[in-house]
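Novice: build me a model from this:
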Amino acid sequence: MNGQLSLGAMVAGVFMAAGRARRVWLRYRVNRHSSTYRLVRVGRGEARSRQHAPARVETPCDRLLRPNRTADEGIEISRLGDTTPRPGALEASNRTRCRERPPLLYVCPRCKGTLAGVTCRDCKAGYTSVEGIPCFMADATDDRAHDIRRIYDEIYRHHEDVWVDQGRAEAFLRYFSDLAARHSTGSVLEIGCGEGAQLARLSAERKFGIDPSVQALLRARKRAPAAYAVARAEELPFPAESFDLVLAVGVMEHFENPAAAAAEIHRVLTPGGHYIALFHTDMTFTQRLGLKVRAFLLPRPRPAALLRWLGKKVVHPIVQPLRRSYTVASARDFLQRNGLHVREVVTHDSQPRAPLAGGHVVILAAGKSKSGAVATPDSWDRRQ
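Specialist: The predicted model follows:
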């Protein structure tokens, strides 16, 4: 009888200990979806746990939307771009990072002047935000910029994973992320980041993404922690020498003004920084047909993917507003004329094992001179 009592007491003690451990775990479970890392208490005693939760740290988007924002405050984005938080040591880690690198502020994309809230002090241009995402194309005087925003918003409103059938599968995303990491894991900007598929796989201290579509950025924000803004490459809303690496995946051939975009990329890169661009060369009809056969029929039929692709062509077809033609030689020449010396060219011929969608896909890895000047290839070699 005593043995049964002692066994029952032991079992009861185990269950009590397990319940106590579960309550402790629930009390200190971190809400990873909150930028403040508030400690969550589920169930009984929730109010008591809130008293011990750390005070909410104001985010840059909160500061952007706060009604009583002072005129001297710019839009700070260093917290939004930080993608390596450590719960429990948030304030200490922020102080350490502030000593290592000053906080990054948005600037006016037109004149590069200081922003007082969402208004430029110098040129008086005013901007808006959509659900906390700054929009630096809202006050654009160019009607074409409005048309581009509208077109891409329509594309992302009706489609998800828009560019996956253009070779943006998981194998490519991993490959491109590894390529980017070999050049820099510091402060990274992706131009035309879309829904954030590539940003989500990048290893970087601070991540930033711009796109003309706020619909795409709202999805990207759920997929990858980063700082997002509606902007275009021709008018980047960042100070000079802000990024160690700038990426553009399938975007360079769609720049409205390629020379202005290249000048802006050169401006925001740190001396010795890198620019990696993927673009598509022109294909004949036979080449395009062969590409789709290999993508959907050979060596293994993919009827579901084929139907999705056909749906994009029939229901709300995806038509991008502009596209320029590049060859490897013309793209290389274009970048080097704008101070970005091409160091590496990746194609199916140069790297047969690279998971590229076809022979029309080209990746150029370029660099900015360490002196920060626009350099010719000959002077680049001497300076390095």
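
Novice: okay, the helix or strand where F334 lies in CSV with CA atoms only?
Specialist: Following DSSP states H and E, one finds F334 within helix 328-337. Provided in CSV are the C-alpha atoms of helix 328-337 (Å, rounded to 0.1, in the frame of the first residue of the first chain):
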residue,chain,number,x,y,z
VAL,A,328,27.3,40.6,-71.9
ALA,A,329,29.6,43.0,-73.7
SER,A,330,27.2,46.0,-73.6
ALA,A,331,26.3,45.5,-70.0
ARG,A,332,29.9,45.2,-68.9
ASP,A,333,30.7,48.4,-70.9
PHE,A,334,27.8,50.2,-69.4
LEU,A,335,28.8,49.4,-65.8
GLN,A,336,32.4,50.3,-66.3
ARG,A,337,31.6,53.6,-67.9
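
Novice: quick one: average pLDDT of it?
Specialist: Across helix 328-337, pLDDT averages out at 96.

Novice: and if you look at stretch 165-176?
Specialist: 88.

Novice: need the contact partners of that stretch.
Specialist: Identification of contacts with stretch 165-176 by CB atoms under 8 Å, 6 or more residues apart in numbering yields 161, 197-198, 201, 249-250, 276, 278, 280, 295, 305, 308-309, 312, 354-358, 361, 363. Heads up, the C-betas are built off the backbone N, CA and C, glycines and all.

Novice: those in strands, which ones?
Specialist: The members of the contacts of stretch 165-176 that map onto strands under DSSP state E are V249, I276, L278, H280, V361, I363.

Novice: residues in contact with the residue nearest to the first one when sequence neighbours are not counted?
Specialist: Meaning V249. Distance criterion CB to CB, 6 or more residues apart in numbering; nearest residue to V249, sequence neighbours excluded, is L278 at 4.7 Å. By CB under 8 Å, 6+ apart, the contact set of L278 is F176, A248, V249, G250, M252, V361, V362, I363, L364.

Novice: identify the bridge partners of L278.
Specialist: Per DSSP bridges, the residues bridged to L278 are V249, I363.

Novice: three-state assignment of G273?
Specialist: Local secondary structure at G273 is given as strand here, using DSSP: H, G, I helix; E, B strand; the rest coil.

Novice: which parts of stretch 109-124 are buried?
Specialist: Under the neighbour-count criterion of 16 or more other CB atoms under 10 Å, stretch 109-124 has P109, R110, K112, L115, A116, G117, V118, C120, R121 buried.

Novice: format these as a markdown table; extra columns: distance to A180 and pLDDT.
Specialist: Shown next, in a markdown table, are the buried residues of stretch 109-124 (distance: CB to CB, whole Å; pLDDT from 0 to 100):
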| residue | distance to A180 | pLDDT |
| --- | --- | --- |
| P109 | 24 | 94 |
| R110 | 29 | 92 |
| K112 | 26 | 94 |
| L115 | 29 | 91 |
| A116 | 35 | 88 |
| G117 | 33 | 82 |
| V118 | 31 | 83 |
| C120 | 32 | 92 |
| R121 | 35 | 92 |
